[in-house]
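Novice: prediction below, plus the sequence it came from.
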Amino acid sequence: MRAFWSLTNLAALGGTIHVEFKELSAIAVPLTRQCPYCIDIHSGNPCRAGAGDAEMVEATCQASPRESPASPAVC
């Protein structure tokens, strides 16, 4: 677990990709996997990195499965 957290912390540092985008990606992935633990951990980070409501909605829509018979697309 220590190695995982070290990698996670390194990935969150500044670099070529802005931290806000990294955090939006970090919440989009657990949304696609429906991992409650990871969603809880990552849900506040994009806002703290500067993402607004519109960016959070767009990231959520991008992470959502596209239209299927069981769940029509809403985004």
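Specialist: Nice, thanks for sending it over.

Novice: need the contact list for the residue positioned nearest the centre of the chain.
Specialist: Taking Cα atoms, centre = their mean, the centroid of the chain lies closest to residue 27, which sits 1.5 Å from it. Counting by Cβ atoms under 8 Å, 6 or more residues apart in numbering, residue 27 touches 39, 42, 43, 45, 46, 56, 59, 60, 63. Where you see a C-beta, it was placed from the backbone N, CA and C, and this is true even at glycine.

Novice: average pLDDT for the longest helix along the chain, rounded please.
Specialist: Longest helix of the chain, by residue count under DSSP state H: helix 19-33. Averaging pLDDT along helix 19-33 gives 86.

Novice: which parts of that helix are buried?
Specialist: Residues 19, 20, 22, 23, 24, 25, 26, 27, 28, 30, 31 are the ones in helix 19-33 that count as buried (16 or more other Cβ atoms under 10 Å).

Novice: need those in CSV (columns: distance to residue 8).
Specialist: Compiled in CSV, those are given as follows (distance: Cβ to Cβ, whole Å):
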residue, distance to residue 8
19, 13
20, 16
22, 10
23, 11
24, 15
25, 12
26, 8
27, 13
28, 15
30, 12
31, 17
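
Novice: can you give me the helices in this structure?
Specialist: Under DSSP H, the chain gives helices at 2-12, 19-33, 36-42, 45-48, 53-63.

Novice: what about residue 53, distance to residue 60?
Specialist: Distance from residue 53 to residue 60, counting by Cβ to Cβ, to the nearest Å: 10 Å.

Novice: residue 12 touches residue 25, doesn't it?
Specialist: No: applying Cβ atoms under 8 Å as the test, residue 12 and residue 25 come out as separate, 10.7 Å apart.
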